[in-house]
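In: Need a 3D model of the following:
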Amino acid sequence: MNKRIALGILFVVGTVIGVAAQTAEPALGVDLKALKYIGAGLAVGLACIGGGIAVGGVGGAAMGAIAEDASLSGKALPFLGLAEGICLWGFLVAILCLTM
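Out: Model prediction:
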C-alpha cells in the first residue's frame with residue numbers, strides 16, 4: 001500500500017512540474033523546456049507502472065474466475081479495460097504538458 005501512495009505522489013508531482021514549467025518565469029537559469037519533458041515522462045511512466053500493477057492483479061483474478069466458470073468472462077474483462085485506462089490518462093496528461 002505504501003508503494004502505491006508513493007507512486008501516486010510522484011505522479012502528482014510530475015504533473016505539477018509539467019504544468020508549472022509552462023507558466024513559470026525562467027529563474028536561475030533553469031531550462032523550463034527540460035522540466036516539461038521531465039513532467040511528461042513522469043506522468044506517462046508512473047501511470048503505466050500503476051496500470052501494470054492494476055492489470056496484473058485484476059488479470060490474475062479474472063483468469064482464475066474464468067477458469068472456474070467460463071460465463072464470468074464478460075463480467076471480468078471490463079475491469080481489465082478500466083485498469084488499462086490509467087495508462088491512457090497518463091499519456092493524455094503528458095500530451096497536455098508538452099503542447100501548452
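In: and the longest helix for the chain?
Out: helix 32-68 (DSSP state H).
In: which secondary structure elements does that one contact?
Out: When contacts are defined as 3 or more C-beta pairs under 8 Å, 6 or more residues apart in numbering; DSSP states H and E, helix 32-68 sits against helix 2-23, helix 73-99. Any C-beta I mention is one placed from the backbone N, CA and C, and that applies to glycine too.
In: right, and those - which one's nearest Ile49?
Out: Closest approach to Ile49 among these is made by helix 2-23 (6.2 Å; C-beta to C-beta).
In: Centre of the chain to that closest one, how far?
Out: Averaging C-alpha positions (C-alpha atoms, centre = their mean, to the nearest Å) puts helix 2-23 10 Å from its chain's average.
In: what's that helix in contact with?
Out: 32-33, 35-36, 38-43, 46-47, 49-50, 53, 90, 93-94, 96-98, 100 (C-beta atoms under 8 Å, 6 or more residues apart in numbering).
In: ok, now stretch 58-78?
Out: Outside of stretch 58-78, the residues within contact range by C-beta under 8 Å, 6+ apart are 79-80, 83.
In: picking up where we left off before, buried only: go through the contacts of helix 2-23 for me.
Out: Neighbour-count burial (16 or more other C-beta atoms under 10 Å) is assigned, among those, to 35-36, 39-40, 42-43, 46-47, 49-50, 90, 93-94, 97-98.
In: Out of those, which one has the lowest pLDDT?
Out: The lowest pLDDT within these belongs to Leu35, with 78.
In: Relative to Gly74, how far out is that residue?
Out: Taking C-beta to C-beta, to the nearest Å as the measure, Leu35 and Gly74 are separated by 45 Å.
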